[in-house]
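Enquirer: Return atomic coordinates for the entry below.
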Amino acid sequence: MVAGRFRKRTLEKPRKSVRRKSRAVTIDEVAALAGVSPMTVSRVVNGQGKVRDTTREKVMRAVRELDYTPNLAASSLAAAQHTRIALIYTNPSGAYLRELLVGLLRVASRTAIQLVIDYWDDLDPEAERKAARALAQKVEGVILPPPLCDSRAAVMELIRAKVPVVAIASGRFSEDISCVRIDDFRAGKELTEHLIAQGHGRIGFIKGRAEQSASARRFEGFQAALDEAGIALDHSLVQQGDYTYRSGLKAAEKLLSQRKPPTAIFASNDDMAAAAISVAHRRGLDVPRDLSVVGFDDTSAATTVWPELTTIHQPIASMANTAIDVLLRSIRRRDRSTRVLVDHVVPHRLITRDSVAPLSARKRGKNG
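Expert: Predicted coordinates:
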């Protein structure tokens, strides 16, 4: 609602230094006097949309008669409606994407920005450059979730176009764009330490996308925890995935088909962890009695499987909120000659559920 302040006019001649108090005039009062809707008044005052000349004149006559002045804060909000921010996605995890979209849409509705959703289907670097170049002509800022947050081609093209960019959930700070992320190394280490504390030493690991920095950092955290516990890394227990459920099925099959299978599996996201549980069930294994499984992200996938997943909670919706805030501040900076980069690390949490159990003494002796 556009609000303002005014000084009432009087038909009497002013007396010696008589001051009259003013009160706030609402947009509804202007609309009532002009015989139009408050939305029409807003369009006329802010110069937006198509309004008939006769209607515009009625509104302006009412504005003059009431000595109405629009509130600057409200005008800024109206101006924000023209700030177009793009989300480019090609994330294979449907659960992760849902969390991200809900967070962004909630923030977009509150800040009155226009959110543009652009889907890139595994483009090659040259195609990414062309797509980024075209998008830069239409928007004021861009949010890059994984895996595009690690796309050098897209990032450099947007930087060349002088479009502010914020990466969500990249594995490490970038020297090129602002980032909103968790500490993937620390989170991966904590999750592995949790499994080790339950007696597990033979732990399978399902990687995420090979080119994604967050996936690499989670694996580095896994390795660091093993090293500190004096457990040698067994490369036969490391399988490549790509964050999809299907890739989790293939990786889990390879791990559980081994002559000496792992007693626990660390999957780099919840989708692949859910797939690992499915494979275990198909093989007649009880989770967590025969096999413990952990995931990562704490998306809806973590609580729609049985048993529910022990995982790392990554506050995706909150990260979306922060990314929008960082982006808007960058867009509204008057001095664009220098770029101010932000590395915002948000806290994560280890969420323990029923997919992990202590390794029995019998199994510990067999796998020791």
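Enquirer: which helix in this structure runs the most residues?
Expert: In the chain, assigned by DSSP state H, the helix with the most residues is helix 94-111.
Enquirer: hmm, who's touching that helix?
Expert: 80, 85, 87, 89, 91, 113-115, 117, 143, 145, 168, 243, 269-271, 297, 299-301, 316-321, 324, 328 (C-beta atoms under 8 Å, 6 or more residues apart in numbering). For the C-beta atoms, the positions are set from N, CA and C on the backbone; glycine is no exception.
Enquirer: In strands, which of these appear?
Expert: Applying DSSP state E to the contacts of helix 94-111, the entries found in strands are 85, 87, 89, 114-115, 117, 143, 168.
Enquirer: Grab the two from those residues that are most spread out in space.
Expert: Farthest pair in the ones in strands among the contacts of helix 94-111 (C-beta to C-beta) is Q114 and I168. Separation: 18.7 Å.
Enquirer: Those two: which is more packed in?
Expert: Higher neighbour count among Q114 and I168: I168, with 23 against 14, using other C-beta atoms under 10 Å.
Enquirer: Look up the pLDDT of E175 for me, please.
Expert: Listed pLDDT for E175 reads 79.
Enquirer: does it count as helix, strand or coil?
Expert: coil (DSSP: H, G, I helix; E, B strand; the rest coil).
Enquirer: Low-confidence stretches in the protein?
Expert: 1-24, 43, 45-50, 67, 69-82, 91-92, 334-339, 361-368 (pLDDT under 70).
Enquirer: can you give me the strands in the stretch 1-150 of the chain?
Expert: For the stretch 1-150 of the chain, applying DSSP state E, counting those that start in this stretch gives strands covering 3-5, 24-26, 69-70, 84-89, 114-119, 141-144.
Enquirer: Now do the contacts for the closest residue to L148 other than its chain neighbours.
Expert: With sequence-adjacent residues excluded and distances taken as C-beta to C-beta, 6 or more residues apart in numbering, L148 is closest to I88, at 5.5 Å. Counting by C-beta under 8 Å, 6+ apart, I88 touches 118-120, 131, 135, 142-145, 148, 154.
Enquirer: 7 Å - rerun?
Expert: I88 makes contact with 118, 120, 142, 144, 148, according to C-beta atoms under 7 Å, 6 or more residues apart in numbering.
Enquirer: Could I get those residues in JSON lines, plus columns for distance to S355 and neighbour count?
Expert: Output for the contacts of I88, formatted as JSON lines (distance: C-beta to C-beta, whole Å; neighbours: other C-beta atoms under 10 Å):
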{"residue": "D118", "distance to S355": "36", "neighbour count": "16"}
{"residue": "W120", "distance to S355": "33", "neighbour count": "16"}
{"residue": "V142", "distance to S355": "36", "neighbour count": "27"}
{"residue": "L144", "distance to S355": "31", "neighbour count": "27"}
{"residue": "L148", "distance to S355": "30", "neighbour count": "25"}
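Enquirer: ok, back up a step: buried ones in the longest helix of the chain?
Expert: 95-97, 99-101, 103-104, 107-108, 111 (16 or more other C-beta atoms under 10 Å).
Enquirer: Alpha carbons of that helix, as PDB, please.
Expert: What follows is helix 94-111 as a C-alpha-only set of coordinates in PDB (Å, rounded to 0.1, in the frame of the first residue of the first chain):
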ATOM      1  CA  GLY A  94      14.300 -33.400  -7.300                       C
ATOM      2  CA  ALA A  95      14.200 -33.200  -3.500                       C
ATOM      3  CA  TYR A  96      17.000 -30.600  -3.400                       C
ATOM      4  CA  LEU A  97      15.400 -28.600  -6.100                       C
ATOM      5  CA  ARG A  98      12.100 -28.500  -4.300                       C
ATOM      6  CA  GLU A  99      13.600 -27.200  -1.200                       C
ATOM      7  CA  LEU A 100      15.500 -24.500  -3.100                       C
ATOM      8  CA  LEU A 101      12.500 -23.400  -5.100                       C
ATOM      9  CA  VAL A 102      10.300 -23.100  -2.000                       C
ATOM     10  CA  GLY A 103      12.900 -21.000  -0.300                       C
ATOM     11  CA  LEU A 104      13.400 -18.700  -3.300                       C
ATOM     12  CA  LEU A 105       9.700 -18.300  -4.000                       C
ATOM     13  CA  ARG A 106       9.000 -17.400  -0.400                       C
ATOM     14  CA  VAL A 107      11.700 -14.700  -0.400                       C
ATOM     15  CA  ALA A 108      10.600 -13.500  -3.800                       C
ATOM     16  CA  SER A 109       7.000 -12.900  -2.700                       C
ATOM     17  CA  ARG A 110       8.200 -11.000   0.400                       C
ATOM     18  CA  THR A 111      10.700  -8.800  -1.400                       C
END
